[in-house]
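J.: okay, here's the prediction I keep looking at, along with the sequence it came from:
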Amino acid sequence: MHSATEVRRGRSAPDALPGQPFPPGDDASLQRAVAVVQRIIAERHDRPSLVARIASELGAEIVVGRLVPGDDLNSVELSRRYQTSRTPVREALMLLEKEGLVDVPPRRRPRVVILSIAEIREIYQARAALLDLIALDTVREATAADLAGLRELLGGMRRGWKGRDLDAYVWANVDFYDRNTQITRNRTVKRIFDSLLLRTLPLRRLSLSRPGRMERSFDDHRRLIQAYEDRDATLASALLRSNHINALAALEAYFATVAGPLAEHAER
């Protein structure tokens, strides 16, 4: 599988791109992202395998930062990359638009979506409301085995944090929340939470790359499991909300100091 940076810039090296605050994810992280995008597309969209493949690979490259906000998605170049006509490429880009990763403006070239800080706040507000429900349901429904499973997943987050491995921490965090939402036995909450996953993954990676965020996030989750074990719904909800607010604050700080030009570009 060729990197999208190779199509755009004539190179495939995973070095940081202009305007990007951290290096793109490695190949292992890219494959994890491909699997997540494939699962979500398979659950919600019935498309031919080639369209799903194109959408999964491009979506993964956006998630891990190999494609960054504002990057053009040239359907002619992509059709050459996948050795197909432009129709499957267009369908794949439309799927990614539905998932909030791509912007397909009329009579203009598709591009990786540029979220305004107002849109990011809306996404985080929606997640915060869901996290309140998740905390309450987990305290009520979780068995000892469920909580032991969360502690095991917390170990993966610990290893990512201790190793200063952003990708390892992000995917351990994804696994943690996937398991946590399963524990709630609330299918509606899990469906809605999963529907926001692709929109939040690039943001989660960005917020966790900020100085001190991994350590703070890990400590919040360590205390969260203790609150679950103590059956303290109020504390569990407060910890999830606090972690969420801190993540949003990190994004707001980044946008205020670095991403202003991207936000201006999005409005043109």
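T.: Okay, I see it.
J.: just checking, next helix/strand downstream of the helix or strand harbouring Glu77?
T.: Assessed by DSSP states H and E, Glu77 sits inside helix 75-81. Next helix or strand after helix 75-81 toward the C-terminus (DSSP H and E): helix 86-98.
J.: for that next one, buried residues please.
T.: 88-96 (16 or more other C-beta atoms under 10 Å). Just so you know, the C-beta spots here come from the backbone N, C-alpha and C atoms, and that holds for glycine as well.
J.: got it, and stretch 159-173?
T.: Result for stretch 159-173 [16+ other C-beta under 10 Å]: buried residues 160-161, 165-173.
J.: just stretch 97-107 next, same as before
T.: Buried-residue list, stretch 97-107, by 16+ other C-beta under 10 Å: 99-104.
J.: can you add pLDDT and give those residues back as a markdown table?
T.: Compiled in a markdown table, these are given as follows (pLDDT from 0 to 100):
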| residue | pLDDT |
| --- | --- |
| Glu99 | 91 |
| Gly100 | 92 |
| Leu101 | 94 |
| Val102 | 96 |
| Asp103 | 94 |
| Val104 | 93 |
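J.: need those residues in JSON lines (columns: distance to Glu61 and secondary structure).
T.: As requested, the buried residues of stretch 97-107 are exported to JSON lines (distance: C-beta to C-beta, whole Å; DSSP: H, G, I helix; E, B strand; the rest coil):
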{"residue": "Glu99", "distance to Glu61": "14", "secondary structure": "coil"}
{"residue": "Gly100", "distance to Glu61": "15", "secondary structure": "coil"}
{"residue": "Leu101", "distance to Glu61": "10", "secondary structure": "coil"}
{"residue": "Val102", "distance to Glu61": "11", "secondary structure": "strand"}
{"residue": "Asp103", "distance to Glu61": "15", "secondary structure": "strand"}
{"residue": "Val104", "distance to Glu61": "17", "secondary structure": "coil"}
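J.: quickly note the distance from Ala236 to Ile123.
T.: To Ile123, Ala236 is 22 Å away according to C-beta to C-beta, to the nearest Å.
J.: can you list the domain ranges for the chain.
T.: Domain ranges of the chain: 4-112, 117-257, per automatic domain parsing.
J.: residues contacting Asp27?
T.: For Asp27, no residue counts as a contact, taking C-beta atoms under 8 Å, 6 or more residues apart in numbering as the criterion.
J.: with respect to Gly149, which of the buried residues of stretch 159-173 is nearest?
T.: Ala172 (13.0 Å; C-beta to C-beta).
J.: quick one: which helix or strand includes the nearest residue to the closest one once chain neighbours are set aside?
T.: Nearest non-adjacent residue to Ala172, counting by C-beta to C-beta, 6 or more residues apart in numbering: Gly156, 3.5 Å away. For Gly156, the element it lies in under DSSP H and E is helix 144-162.
J.: following the helix or strand hosting Leu201, which helix or strand shows up next?
T.: Here Leu201, judged by DSSP H and E, is contained in helix 197-208. As assigned by DSSP H and E, the chain's next helix or strand after helix 197-208 is helix 213-229.
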